[in-house]
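Asker: Predicted model follows, preceded by the sequence.
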Amino acid sequence: MEGWPAESAQRLAKARALRAHDVDPYPTRFERRQTFTEIIAAHGGKSLEELEAASQAVQIAGRVMLKRPMGKASFATLSDGEARLQVYLRLDDLGERAYRLFEDLVDLGDFIGVAGTVMRTRKGELSVQARTLTFLSKALLPPPEKWHGLQDVEARYRQRYVDLVANPEVRKVFVKRSAMVSEMRRFLDVRGYVEVETPMMQPIPGGALARPFKTHHNALGIDLYLRIAPELYLKRLVVGGMERVYEINRNFRNEGISSMHNPEFTMLEFYTAYFDCRDVMAITEELVAAAAHRALGEGLAATYKGRGISFDRPFKRVRMTQAVADVAEEQGWGIDEAGIADPVGLADWLRSAPRPSKVTPGSKDFEMFSLEISWAKHGGLSHGNRVAQLFEVFVERRWDPETTRLWEPTFVVDYPVDISPLAKVHPDRPSVADRFELFAAGMEIANGFSELNDPLEQRQRFLDQIGRREKGDEEAHLMDEDYVRALGHGLPPTGGCGVGIDRLAMILTDSPSIRDVILFPHMRPER
RNA sequence: GGGCCGUUAGCUCAGUGGUAGAGCGCCUGCCUUUUAAGCAGGGUGUCGUGGGUUCGAUCCCCACACGGCCUACCA
């Protein structure tokens, strides 16, 4: 009890007093016969007289949220997590002993069970009039303030159990998230996809460009990495004939924490043999719309950060170069999409672009200037990387609801091959990958492509990545010989996609921070 | 990594270079249909931690810790 408030000693004394009266403060079970939701559904519409005539017996249990003792009668508001229900306790109904036990030894936060009849008070509130009272569990710590709840952000994340009790809307967020995920499972299951689980600990962390967490296996004497993506394992399964597979599970990335990033986050990845990028886009659109409609109610649009966002199909589509060109036009940069798409044209434009004589932080000039420094630092980037960075800095990073161009669900297509080491090149254009990303509310929600299945080309892509790693790119891919060997056995034409569950949940629950949709977000340890 | 803000009772929050404040909770008493029940009485505390300035610091200064927001990194 080190560090517990003084009130805990009083509550502990009450637990002892219960034992002195032969009442176990922590009994084993209770036969709860109705939830509050069931009682409200069954009797919520009945009048005082109807309830009195029916004399409906119920047996309920819950946590004491409010207590209103009035001498020889009391009201208590119980919560069963999902709903609240008032209980009316009278000395005449319960008897001296049980009534005194309630008045003297039941605290806010304790669990009690009540058998009684459904009634309505004079003021009209549906209640249960108690005939018997069963003590169910003693809370030694006091609950937060009954009106304001638990406000302290840090305490809410660290002690989510208190947050859930004190702030009922928190539960709704996670129930909605659950509905969204279960709809995704249903969607895939009915289309013949098999849900699988692949290694969380991997000897070679692959499938994404990110820094991994490292751990060690003592018995094997080897280092392992927490996975940054399941991708390479899922495609091995397609090689093995599992033509439709998916996994919904955690990825771990050893990067910064922000309102959009948690070190562990949940991803859906699904792979479909004989699909290409366009097929994947179509089914992703259907999947995301179905999940959104399940969470929001059919046809309802989400409201995120005060701005509406519709998940009705079809979603918008834009080429990456086009998205950059739109900004260029808006800003009067004097370059069009053809220029951006052309390596020479873009290079010329960058060379001839007026250099900022006075660089103001936050301005376009400043961001261009920062990009130049960044490009110089990395020994000059490929054309694809330049386009991708322009997109990232001038389109993607602008995720403010007012100015973002990626608010409504939007597929960005034609990603440069350079940043897509696991994707096939576009059938008609060798410089872009057959790949898309889905954005909504300015955030990247999904990423899909035609999977590269030529083992020799894949090995060469890995070698290119290794070259970057040697130049200091810690996020570049590592060589995965076993994956190349798997491709050597033949991967059918396959389309795959990853969907960020947390970010989609943020949008559908109007949560400004990813921590609001993760029950136990990562924090520094308390001291 | 940088900037700004915060940290006071169990909770929500005021506040002052000189004995620490409110509401809720809690404790005592009254009250048999209340609604954040009410009435009367009671203040329960390492003012985040460590150092400094001062006769005296919760307050001013420095460092640190934790948190929030912004920003950077993430090629």
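Answerer: All right, it came through fine. Numbers count the residues shown, from 1 in each chain, chains lettered A, B, ... in the order given.

Asker: Shouldn't A:Phe411 be within a strand?
Answerer: Yes. Applying DSSP: H, G, I helix; E, B strand; the rest coil, one finds A:Phe411 inside a strand.

Asker: tally of neighbours for it?
Answerer: Neighbours of A:Phe411 under the rule other C-beta atoms under 10 Å: 19. For every residue, glycine as well, the C-beta is placed using N, CA and C.

Asker: and it, what does it touch?
Answerer: A:281, A:285, A:315-318, A:436-439 (C-beta atoms under 8 Å, 6 or more residues apart in numbering).

Asker: rerun that using 6 Å as the cut-off
Answerer: A:Phe411 is in contact with A:281, A:315, A:317, A:436, A:438, counting by C-beta atoms under 6 Å, 6 or more residues apart in numbering.

Asker: On the pLDDT front, check A:Thr28 for me.
Answerer: On pLDDT, A:Thr28 comes in at 95.

Asker: Likewise for the one 5 residues further on?
Answerer: Looking at A:Arg33, its pLDDT is 98.

Asker: Equivalent analysis for the one 4 residues further on, please.
Answerer: A:Thr37 is assigned a predicted lDDT (pLDDT) of 97.

Asker: Rebuild the contacts of A:Phe411 as JSON lines, extending it with neighbour count.
Answerer: Output for the contacts of A:Phe411, formatted as JSON lines (neighbours: other C-beta atoms under 10 Å):
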{"residue": "A:Met281", "neighbour count": "24"}
{"residue": "A:Phe315", "neighbour count": "19"}
{"residue": "A:Arg317", "neighbour count": "14"}
{"residue": "A:Phe436", "neighbour count": "24"}
{"residue": "A:Leu438", "neighbour count": "25"}
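
Asker: in the stretch 301-450 of chain A, which spans are strands?
Answerer: For the stretch 301-450 of chain A, the strands defined by DSSP state E, counting those that start in this stretch cover A:302-304, A:307-309, A:316-319, A:410-413, A:435-440, A:443-450.

Asker: pLDDT (mean, whole number) over the last one?
Answerer: When the per-residue pLDDT values of strand A:443-450 are averaged, the result is 94.

Asker: now it, how far from the chain's geometric center?
Answerer: Averaging C-alpha positions (C-alpha atoms, centre = their mean, to the nearest Å) puts strand A:443-450 16 Å from its chain's average.

Asker: who touches the residue nearest to A:Glu247 when sequence neighbours are not counted in this structure?
Answerer: Counting by C-beta to C-beta, 6 or more residues apart in numbering, A:Glu247 lies nearest to A:Pro230, which is 5.1 Å off, once chain neighbours are set aside. By C-beta under 6 Å, 6+ apart, the contact list for A:Pro230 reads A:198, A:247, A:269.

Asker: Could you confirm the second one falls within a helix?
Answerer: Meaning A:Glu247. No. Assigned with three-state DSSP, A:Glu247 falls outside any helix and is strand.

Asker: Count the residues that sit near it.
Answerer: 20.

Asker: Out of the contacts of A:Pro230, the closest to A:Ile60 would be?
Answerer: A:Glu247 (40.2 Å; C-beta to C-beta).

Asker: Okay, that closest one and RNA strand B: tell me how far apart.
Answerer: Distance of A:Glu247 to RNA strand B, computed by C-beta to the nearest atom of the strand, to the nearest Å: 24 Å.

Asker: What's opposite that residue in the beta bridge?
Answerer: A:Glu269 (DSSP bridges).

Asker: Double-check A:Leu491 against A:Val239; I have them as touching.
Answerer: Yes. With contact defined as C-beta atoms under 6 Å, A:Leu491 counts as touching A:Val239 (5.0 Å).

Asker: Comparing the two, which residue is more hemmed in?
Answerer: Remark: of A:Leu491 and A:Val239, A:Leu491 carries more neighbours, 22 against 19, as counted by other C-beta under 10 Å.

Asker: Need the nearest residue in space to that one, chain neighbours excluded.
Answerer: Nearest non-adjacent residue to A:Leu491 (C-beta to C-beta, 6+ apart): A:Asn453, at 3.9 Å.

Asker: Let's verify that neighbour: helix, strand, or coil?
Answerer: Secondary structure for A:Asn453, judged by three-state DSSP, is coil.

Asker: Ok, A:Gly62 next?
Answerer: Per three-state DSSP, A:Gly62 ends up strand.

Asker: Could you do the one 4 residues further on as well?
Answerer: Under the three-state scheme (three-state DSSP), the conformation of A:Leu66 reads as strand.

Asker: Leaving out the residues flanking it, which one is nearest to it?
Answerer: A:Thr77 is the one closest to A:Leu66 (C-beta to C-beta, 6+ apart), at 4.0 Å.

Asker: can you list contacts of the helix or strand hosting the one you found?
Answerer: Assigned by DSSP states H and E, A:Thr77 belongs to strand A:73-79. Identification of contacts with strand A:73-79 by C-beta under 6 Å, 6+ apart yields A:62-68, A:84-90.

Asker: Buried residues of it, list them for me.
Answerer: Of all the residues in strand A:73-79, those buried under the rule 16 or more other C-beta atoms under 10 Å are A:74-79.

Asker: so for it, what's the average pLDDT?
Answerer: Averaged across strand A:73-79, pLDDT comes to 97.

Asker: cool, and stretch A:519-527?
Answerer: 85.

Asker: Restricting to C-alpha, output that stretch in CSV.
Answerer: The C-alpha coordinates for stretch A:519-527 follow below in CSV (Å, rounded to 0.1, in the frame of the first residue of the first chain):
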residue,chain,number,x,y,z
LEU,A,519,-5.5,0.8,-24.9
PHE,A,520,-2.0,0.9,-23.4
PRO,A,521,0.1,3.3,-25.4
HIS,A,522,3.8,3.3,-24.8
MET,A,523,5.0,5.8,-22.1
ARG,A,524,8.3,6.2,-20.3
PRO,A,525,8.2,4.2,-17.1
GLU,A,526,6.9,6.0,-14.0
ARG,A,527,9.5,7.0,-11.5
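
Asker: Contact residues of the stretch 151-300 of chain A facing RNA strand B?
Answerer: A:151-155, A:157, A:209-211, A:255-256, A:258-259 (C-beta under 7 Å from any atom of the strand).

Asker: correct me, but A:Val170 touches A:Asp163?
Answerer: Yes. With contact defined as C-beta under 6 Å, A:Val170 reaches A:Asp163; the gap is 5.4 Å.

Asker: Not counting sequence-adjacent ones, nearest residue to A:Ala208?
Answerer: Closest residue to A:Ala208 apart from its sequence neighbours, by C-beta to C-beta, 6+ apart: A:Ala229 at 4.0 Å.

Asker: Who are the contact partners of the one you found?
Answerer: Contacts of A:Ala229 (C-beta under 6 Å, 6+ apart): A:207-208, A:251.

Asker: re the thing from before, tabulate the contacts of A:Pro230 (TSV), appending pLDDT.
Answerer: Conversion of these to TSV gives the following (pLDDT from 0 to 100):
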residue	pLDDT
A:Thr198	97
A:Glu247	98
A:Glu269	97
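
Asker: thinking again about what came up before, overlap between the buried residues of strand A:73-79 and the residues near RNA strand B?
Answerer: Among these, proximity to RNA strand B is found for A:75, A:77 (C-beta under 7 Å from any atom of the strand).

Asker: Just give me the closest of the buried residues of strand A:73-79 to RNA strand B.
Answerer: A:Phe75 (3.3 Å; C-beta to the nearest atom of the strand).
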